[in-house]
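J.: with the input below, show me the fold.
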Amino acid sequence: MSELSIFQLGGLPFKIPFTLPYLYQRITWGGLWGLLFLVPLLPNAANSMRGLIFAIAPAAASLFFFLPFHDDMGWFGLKMGVAWPVVVVIFAIIWGYLAGSWL
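T.: Predicted structure coming up:
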């Protein structure tokens, strides 16, 4: 499974190491970003719609802080390839929609 990934099909040099520390870190950060649902922004909107709006925060944090300063991947993670910002935004949208739907 690690031989070929969806990222490699898209020309991105990225392999996901399915190890417990890797997964725990992502689960923890996903839960912390989930605290955004406590913010009373758009209280009458459907939670899935709120999730899509809240997905902007983790995507922006990744593109403007974590990738350039913590992971040394350059602004927007462009050292991973020009499609990397699109990947980050797509995964943030998926996270926001699923988190809102689950809520």
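
J.: low-scoring stretches of the chain, by residue?
T.: Scanning the chain for pLDDT under 70 picks out 1-17.

J.: farthest residue from the center of it?
T.: Asn44 (25.2 Å; C-alpha atoms, centre = their mean).

J.: in which helix or strand would I find the residue nearest the centre of the chain?
T.: Nearest residue to the geometric centre of the chain (C-alpha atoms, centre = their mean): Ala92, 3.9 Å. Using DSSP states H and E, Ala92 falls within helix 84-102.

J.: list the helices and strands that helix packs on?
T.: Contact analysis of helix 84-102 by 3 or more C-beta pairs under 8 Å, 6 or more residues apart in numbering; DSSP states H and E lists helix 20-34, helix 47-54, helix 56-61 as its packing neighbours. Every C-beta, even on glycine, is put in place using the N, C-alpha and C of the backbone.

J.: relative to Val87, which of the ones you listed is closest?
T.: Among the helices and strands packed on helix 84-102, helix 56-61 comes nearest to Val87, with 10.3 Å by C-beta to C-beta.

J.: quick one on the thing from earlier: doesn't Pro58 make contact with the residue nearest to the centre of the chain?
T.: Yes: counting by C-beta atoms under 8 Å, Ala92 does reach Pro58; the two are 5.2 Å apart.

J.: I'd say Met73 and Leu67 touch.
T.: Yes: the criterion here is C-beta under 8 Å, and Met73 meets it with Leu67 at 4.4 Å.

J.: re the thing from before, how is the residue farthest from the centre of the chain assigned, secondary-structure-wise?
T.: What DSSP: H, G, I helix; E, B strand; the rest coil gives for Asn44 is coil.

J.: with Gly100 as the reference, measure out to it.
T.: 14 Å (C-beta to C-beta, to the nearest Å).

J.: same question for Ser62.
T.: Taking C-beta to C-beta as the measure, Ser62 falls 19 Å from Gly100.

J.: next one: Val87
T.: 21 Å.
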